[in-house]
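K.L.:
Build me a model:
(2 chains)
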Amino acid sequence: MEERSVKMLALACSVAGLAILYFSSALMEQASLPADIKTLSLDDVGSSAKVCGSVTGLKNSKGNLLFSISDNRTDSIHAVVFNSTASRLNVSGILNGNDVCLLGQIQEYPPGSGVIEIVASKVVY
Amino acid sequence: MIELLLFAAAGIILGIIAGIVPGLHVNTIALMMLGLAPALGLLPLAVAVIAMAISTTFFDFIPSTLLAAPDPATALSVLPGHRMLMEGCGLEAIYLAMLGGLCAMVFVALLFPLMLILIPAFYSLVQGYIAWLLIAMSAFCVLTEHGTKAKLWSCAVLFLSGGLGFLALNSYSFNDALFPMFTGLFGTSSLLFSLKQSGKIPAQNLKPNPPHKKLLLSGVFKGLFSGALVGTLPAMGAAQATMLTQQMTGSGAGKDKEYLISIGAINTIVALFSLVSLYTIAKARSGAAVVVGALLPGLGLPELLIMLGVALLATGISCLLLMRTARWFVRSMSGISYTAVSKSIIAFLVVLVFLLTGLPGLLLLGVSTAIGLLAPLSGTKRSTAMGCLMIPLIVFYIGL
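P.N.:
As a prediction, the model looks like this:
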């Protein structure tokens, strides 16, 4: 393989990388549109979601933040920010009554209970 | 998108620095970057880490070829790379490794959807037999030596380096045992052994000969095979993959080119496979993947695709920059007295080991250099000294 061909291949590799980067960023942006809390169910366990609403029932258990996110008076979902995640994020705004958006994974907890929660990996104010 | 591109560019620059400066490991920088997560954001930082990890796999070949200063992934490339440098083909050695990495990245990107299915299936099949696989690889390395005497020497090198690795990696005296140990086993020992050569570093051919298509494909596929195998298995990395590849290609001047292509392919493949393993089986197989896993605990398909895009971009840009940089380094080494260069590099490595790891590191460097000299003095394969990682891992997996 001549040096000139290698340069062309490297260039093609960069362009393909840029294209994948562009489309996957767009895909991610779309996936990060907030979900309607009442539509989330056990079918969504394991998938990523973004939920927005106000914080209620905040508890701090050994550095793990446990609370609920309500998007109106009736629809809410349990949420958790584990201490390992909390140490890397700005969680100072997670206070009762504050509006936040959480990006994370939907899980069933306790297992088999039929109750879902969001395990946050990102907090947006 | 623009933010991600800026972080990718920063990662590539950091990767170039980590690759060129001996002793500066990409994992060290990645762990330092983890502390910046709250200020810079998780995804952009993960992008920078991946760009850095990929570009380092290319620029690592400059010090390992020209200065005989390896890290675990490039340790076994020192001898063929250095041999080619002494034949006036230092640039070609770097070019071949780069070509291996570039072609492997293209293949892996094309096979990406298949990897998402095959990695979990393969992992569940072999996860209970890791210790036996490591034992089989070590035994294969010893048994492929010719003659009883060579087999006994090879066995001695395996267990001595294994004992040294076990002590060093389990000792609290070293904050980084890998750098002095690998520098001694594969760097300073090669330089001391080659001090018997006199004269000057020959004028370097600055127009590398393109490899034959068959040689290129063979090297890339051997690298793909071993890289894919160890990139998925726990406890194995680029170091074990290069050892496996050396068994497949054999050693000697005629095999150097194919071997360098394979090593280039392995480094890139392991970096990418460790990311896919993180997504499919939630296991981090490299330092960079550990950091990405910590930054993005819920790594999803969109994030994984972003990482693939960054890996391709970093590969392309690194290849475009590497040839220019390597040409400059190689040109500046032509015509210099080889003995003087070797002595200066040994002195530089000793000082660097002392600065980074202190007196315990110097002691480790001395002992590992002595063990590293055993293989060439006894006429056995140097790759057996990879026992420094294999034996501690076997002990760990057997549960002794």
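
K.L.:
buried residues in the lowest-mean-pLDDT helix or strand in chain A?
P.N.:
When each helix and strand of chain A is scored by mean pLDDT, DSSP states H and E, helix A:83-86 comes last, with a mean of 80. By 16 or more other CB atoms under 10 Å in any protein chain shown, the buried positions in helix A:83-86 come out as A:85-86. Where you see a C-beta, it was placed from the backbone N, CA and C, and this is true even at glycine.

K.L.:
Can you spell out which helices and strands pack onto it?
P.N.:
strand A:64-70 (3 or more CB pairs under 8 Å, 6 or more residues apart in numbering or on different chains; DSSP states H and E).

K.L.:
show me the biggest strand of chain A in terms of residues.
P.N.:
Ranked by residue count, the top strand of chain A under DSSP state E comes out as strand A:48-61.

K.L.:
Quick one: mean pLDDT for that one?
P.N.:
For strand A:48-61, the per-residue pLDDT values average out at 88.

K.L.:
related to what we said a few turns ago, need the next SSE after the least confident helix or strand of chain A, C-terminal direction.
P.N.:
As assigned by DSSP states H and E, the chain's next helix or strand after helix A:83-86 is strand A:99-108.

K.L.:
Verify the contact between B:Lys283 and B:Val276 for me.
P.N.:
No: counting by CB atoms under 8 Å, B:Lys283 stays clear of B:Val276, with 10.5 Å between them.

K.L.:
Quick one: classify the residue of the stretch 101-250 of chain B found nearest chain A as helix, strand or coil.
P.N.:
Residue nearest to chain A within the stretch 101-250 of chain B (CB to the nearest CB): B:Pro210, separated by 5.1 Å. Following DSSP: H, G, I helix; E, B strand; the rest coil, the label given to B:Pro210 is coil.

K.L.:
Backbone dihedrals for it, both of them.
P.N.:
phi -70, psi 140 (degrees, to the nearest 10).

K.L.:
what about it, neighbour count?
P.N.:
Counted with other CB atoms under 10 Å in any protein chain shown, residues neighbouring B:Pro210 total 18.

K.L.:
where's it relative to B:Ser64, distance?
P.N.:
Distance, B:Pro210 to B:Ser64, using CB to CB, to the nearest Å: 22 Å.

K.L.:
Same question for B:Thr268.
P.N.:
Counting by CB to CB - B:Thr268 and B:Ser64 are separated by 15 Å.

K.L.:
circling back to that earlier point, so which of B:Lys283 and B:Val276 has more stuff around it?
P.N.:
B:Val276 (24 against 18).

K.L.:
Which residues of chain A lie near chain B?
P.N.:
By the rule CB under 8 Å from any CB of the partner chain, the part of chain A lying against chain B is A:1-3, A:6-7, A:9-25, A:27-28, A:31, A:48, A:84-85, A:88-90, A:104-105, A:119, A:121-122.

K.L.:
Mark which of these are buried, thanks.
P.N.:
The neighbour count (16+ other CB under 10 Å) marks A:6, A:9-10, A:13-14, A:16-18, A:20-21, A:24-25, A:27-28, A:31, A:48, A:85, A:88-89, A:104-105, A:119, A:121-122 as buried among those.

K.L.:
Chain neighbours aside, what residue packs nearest to the most centrally placed residue in chain A?
P.N.:
Centroid-nearest residue in chain A: A:Leu103, 1.9 Å away (criterion: CA atoms, centre = their mean). Sequence neighbours aside, A:Lys122 is the residue nearest to A:Leu103 in space, at 3.9 Å (criterion: CB to CB, 6 or more residues apart in numbering or on different chains).

K.L.:
Give me the three-state assignment for the one you found.
P.N.:
Under three-state DSSP, A:Lys122 comes out as strand.

K.L.:
Who has more neighbours out of B:Thr268 and B:Ser64?
P.N.:
Neighbour comparison, B:Thr268 and B:Ser64: the larger count goes to B:Thr268, with 32 against 28 (by other CB under 10 Å).

K.L.:
these two touch, right, the more buried one and B:Gly101?
P.N.:
Yes: counting by CB under 8 Å, B:Gly101 is a contact partner of B:Thr268 at 4.1 Å.

K.L.:
Pull up the overlap in contacts between those two.
P.N.:
By CB atoms under 8 Å, 6 or more residues apart in numbering or on different chains, B:Thr268 and B:Gly101 have these common neighbours: B:57-58, B:315.

K.L.:
Also within reach of chain A: list those from the residues you listed.
P.N.:
B:Thr315.

K.L.:
In helices, which of the shared contacts of B:Thr268 and B:Gly101 appear?
P.N.:
B:57-58, B:315 (DSSP state H).

K.L.:
What is the nearest of the residues you listed to B:Phe186?
P.N.:
B:Thr57 (17.3 Å; CB to CB).

K.L.:
Contacts only, for B:Met98.
P.N.:
B:Met98 neighbours (CB under 8 Å, 6+ apart): A:6, B:58, B:61, B:264, B:319, B:322-323.

K.L.:
which one of those has the most neighbours?
P.N.:
B:Gly264 (32 neighbours).

K.L.:
residue contacts, that residue?
P.N.:
B:Gly264 neighbours (CB under 8 Å, 6+ apart): B:57-58, B:61, B:96-102, B:104, B:223.

K.L.:
okay if I get these as JSON lines plus distance to B:Phe396?
P.N.:
Output for the contacts of B:Gly264, formatted as JSON lines (distance: CB to CB, whole Å):
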{"residue": "B:Thr57", "distance to B:Phe396": "26"}
{"residue": "B:Phe58", "distance to B:Phe396": "31"}
{"residue": "B:Phe61", "distance to B:Phe396": "30"}
{"residue": "B:Leu96", "distance to B:Phe396": "34"}
{"residue": "B:Ala97", "distance to B:Phe396": "30"}
{"residue": "B:Met98", "distance to B:Phe396": "34"}
{"residue": "B:Leu99", "distance to B:Phe396": "36"}
{"residue": "B:Gly100", "distance to B:Phe396": "30"}
{"residue": "B:Gly101", "distance to B:Phe396": "30"}
{"residue": "B:Leu102", "distance to B:Phe396": "35"}
{"residue": "B:Ala104", "distance to B:Phe396": "29"}
{"residue": "B:Gly223", "distance to B:Phe396": "26"}
